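# Return atomic coordinates for the entry below.
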Amino acid sequence: MKKVVLKNNNLVVSIGLILSLFVAASQDMFAQAPNQQGFEIMKNLDIYSNMVKELNQDYVDEINPGELTQTGIDAMLESLDPYTNFIPESQVEDYKFITTGQYGGIGALIHQQADFVVISEPYEGSPAQKSGLKAGDKILEINGKPAKGKSYDDVSSFLKGQAGTTVNLLIQRDGEGKPIEKTITREIIKIDNIPYYGMVDQHTGYIKLTGFTQNASKEMRQAFLKLKEGHDLKGVILDVRGNGGGLLNEAVDIANIFVERGQEIVSTKGKMADKNRAHQTLNPPVDLTIPLVVMVDHSSASASEILAGSMQDLDRAVVIGQRTFGKGLVQNLVPLSYNAQMKITVAKYYIPSGRCIQAIDYAHKKKDGSFGKIPDSLIRAFKTKNGRTVYDGGGINPDLITKPRRYSNLALSLYSKYLIFDFATLFAQEHATIPAPKIFRLNDSIYGSFLDFIKGKDYNYTTKSERALEMLKSEATKENYYDAMRLEYEHLKGRMEADKQDDMKKYRDQVVELLDMEISTRYFYQKGKIETALKYDPDLEFAIATINDPEKYAAILSGKYMQPKPEIPVGDEPEDENPDE
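Below you'll find the predicted structure:
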């Protein structure tokens, strides 16, 4: 099936060309589809092409056929699942990055802050870092053109480009009187799938896996072998929290490190017979016996769920955390005309027990246009290799469930309004070095400096109690009760305001954690940020305790351990969702 998209708004497109292209597409689809369905396709495309012709001829204002077609495609795909997307030629390179983990650019994270885009963090060893760019640098100009008012997407596209080309930046750095000019030569930027690995106690290794792009399994194998070679390794924790997925074959090859060759890890089943495949491990394993824990959360999706789910189904690892997202859909990239592509859902995947962990039923739309979760009545029980009961219909439910961490409104406000970021920038200007992340501690003096820094700055936030009180006032006003309760309302509001003044003490630990991570990032980049976060991670402590308790670990995998009750399935979409190819 081919789709035609006329997307160049500067090109005058003839209606005759549109009609000929649609006719060609209709004939192609008619040849591939059953008679009745093929007729419906041809009929509706003929209607559509005639509509475009009549609109171009009779509509009171000039139309853009490309924009109209784009709108129609977007609306059509929106009626399906959120993973079936049209990819115009201008975005093809961005999708290549999702699968390869590589792109041409300067190698820096950026964010929007007021009217400017600011450097969040240069990648260690990147052109941005080698040129001297620092977190907090405000981009004033790009190649001599003002950057004020430019969006994050605009600036990102300007910074990316073919390796070997240069980009000229004019930046403003706090503490410097004049703007600074930087000429940066772009390179191929490779984002590691494993930004950090190391020992978290004397015998337990930890590997953070953030993606499943090409070579993820190679990186995992290397990290695991280095942990084995350099330490008395007796257990390993694989962390896929926040990992939205990626390439299916990489998940299979990572599982292969810990299970026998020839073991089925996942199978795919689609409408077309060529999409039905069983994916087995192909290589000799590295270690079949070392205890494993896989850490997951609600944002662990797709390939992360294949890895965690297969390890659970094969009783090869204990899964700890929160129920995963539940994306059991496989996507392929399909080439279209004019160098465009479409990412299309072609199958569902099934892990070794036979269960599909898809949580949202996109095949049936509700009257309001939304999609529902798989109903409880259709959820089925399956058995792991050792006979433990597991369920389909809603992600991977961990063997040991932990509570998701919640930050206070105060901490979120300080973070989202970049006050923590700006203080870390100031701190780095005043301190040339700090101890390693495992050693560095944010003391009372530093915290006091932060409190002085935020005086007079806006970090106002609304608590749930305040929102509830305002709702009470609104309803009481509607029902003419407010005048009688005005004094009580004002008293409660005053008490809440007074309590908020103590929030900097009440939530000090959370603020210190965020400050510590941001400051460590200034000196040790992504590795420092992750290593710092692990100091405050209760789930990691729980995972270490589990892997260091052989009796409990064995009881879980044998089904003799009393497992927690399943959580209520969840269905919000993770932000960093990647496609399975």
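# so where's the stretch 1-150 of the chain uncertain?
Across the stretch 1-150 of the chain, the ranges flagged by pLDDT under 70 are 1-35.
# Tell me where the model's unsure across the stretch 201-350 of the chain.
Ranges of the stretch 201-350 of the chain meeting pLDDT under 70: none found.
# Assign a three-state SS to the nearest residue to Ala436 once chain neighbours are set aside, would you?
In this structure, Ala436 finds its nearest non-sequential neighbour in Phe524, 7.5 Å apart by CB to CB, 6 or more residues apart in numbering. Quick note: C-beta positions are derived from backbone N, CA and C, even for glycine. Secondary structure state of Phe524, per DSSP: H, G, I helix; E, B strand; the rest coil, is helix.
# Pull the contacting residues for Phe524.
Taking CB atoms under 8 Å, 6 or more residues apart in numbering as the contact definition, Phe524 lies against Ala436, Pro437, Glu531.
# Closest to Lys190 out of those?
Lowest distance from Lys190 to the contacts of Phe524 (CB to CB) belongs to Glu531, with 20.9 Å.
# For the closest one, which three-state class applies?
helix.
# Does it touch Ile439 like I think?
No: checked against CB atoms under 8 Å, the pair Glu531 and Ile439 is beyond contact range at 10.4 Å.
# higher neighbour count, those two?
More crowded of Glu531 and Ile439, by other CB atoms under 10 Å: Glu531, with 21 against 7.
# Pull up the gap between that one and Pro195, please.
Glu531 sits at a distance of 10 Å from Pro195 (criterion: CB to CB, to the nearest Å).
# coming back round to it: in CSV: the contacts of Phe524, plus pLDDT.
Formatted as CSV, the contacts of Phe524 follow (pLDDT from 0 to 100):
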residue, pLDDT
Ala436, 96
Pro437, 95
Glu531, 96
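# Between those residues, which sits nearest Val512?
Pro437 (13.8 Å).
# Could you list which residues are in contact with the closest one?
Contacts of Pro437 by CB under 8 Å, 6+ apart are Ser520, Phe524, Gly528, Glu531, Thr532, Lys535.
# what helix or strand does it sit in?
Per DSSP states H and E, Pro437 falls between elements, in no helix or strand.
# isn't there a strand covering Met471?
No: read with three-state DSSP, Met471 is helix and lies in no strand.
# rewinding a little: return the member of the contacts of Phe524 nearest to Asp297.
Glu531 (19.0 Å).
# Please report the distance of that closest one from Ile320.
Distance, Glu531 to Ile320, using CB to CB: 20 Å.
# quick one, helices of the stretch 1-150 of the chain?
Ranges of helices in the stretch 1-150 of the chain, per DSSP state H, counting those that start in this stretch, are 15-32, 35-58, 65-78, 92-100, 127-130.
# in the third one, what's buried?
It stands for helix 65-78. Neighbour counts over helix 65-78 (16 or more other CB atoms under 10 Å) mark Pro65, Gly66, Leu68, Thr69, Gln70, Ile73, Leu77 as buried.
# Is it correct that the third one is in contact with Ser49?
No: Leu68 is beyond contact range of Ser49, at 11.4 Å (criterion: CB under 8 Å).
# Let's see the distance spanning stretch 338-354 from one end to the other.
End-to-end distance of stretch 338-354: 40 Å, with CA to CA, to the nearest Å as the criterion.
# Same question for stretch 434-449.
Stretch 434-449 stretches 16 Å from its first residue to its last (CA to CA).
# next one: it to chain centre, how far?
Centre-to-centre, stretch 434-449 and its host chain are 30 Å apart (CA atoms, centre = their mean, to the nearest Å).
# and what of stretch 467-485?
Worked out by CA atoms, centre = their mean, stretch 467-485 lies 41 Å from the chain centre.
# Return that stretch as CSV; C-alpha atoms alone will do.
The C-alpha trace of stretch 467-485 is given here as CSV (Å, rounded to 0.1, in the frame of the first residue of the first chain):
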residue,chain,number,x,y,z
ARG,A,467,-7.3,23.3,45.1
ALA,A,468,-9.9,21.4,47.2
LEU,A,469,-10.5,24.5,49.3
GLU,A,470,-11.0,26.6,46.2
MET,A,471,-13.5,24.1,44.9
LEU,A,472,-15.3,24.2,48.2
LYS,A,473,-15.5,28.0,47.9
SER,A,474,-16.8,27.8,44.3
GLU,A,475,-19.5,25.3,45.2
ALA,A,476,-20.5,27.1,48.4
THR,A,477,-20.8,30.4,46.4
LYS,A,478,-23.1,28.7,43.9
GLU,A,479,-25.3,27.4,46.7
ASN,A,480,-25.3,30.7,48.7
TYR,A,481,-23.4,29.1,51.6
TYR,A,482,-20.2,31.1,51.2
ASP,A,483,-21.1,34.2,53.3
ALA,A,484,-21.9,32.0,56.3
MET,A,485,-18.6,30.1,56.1
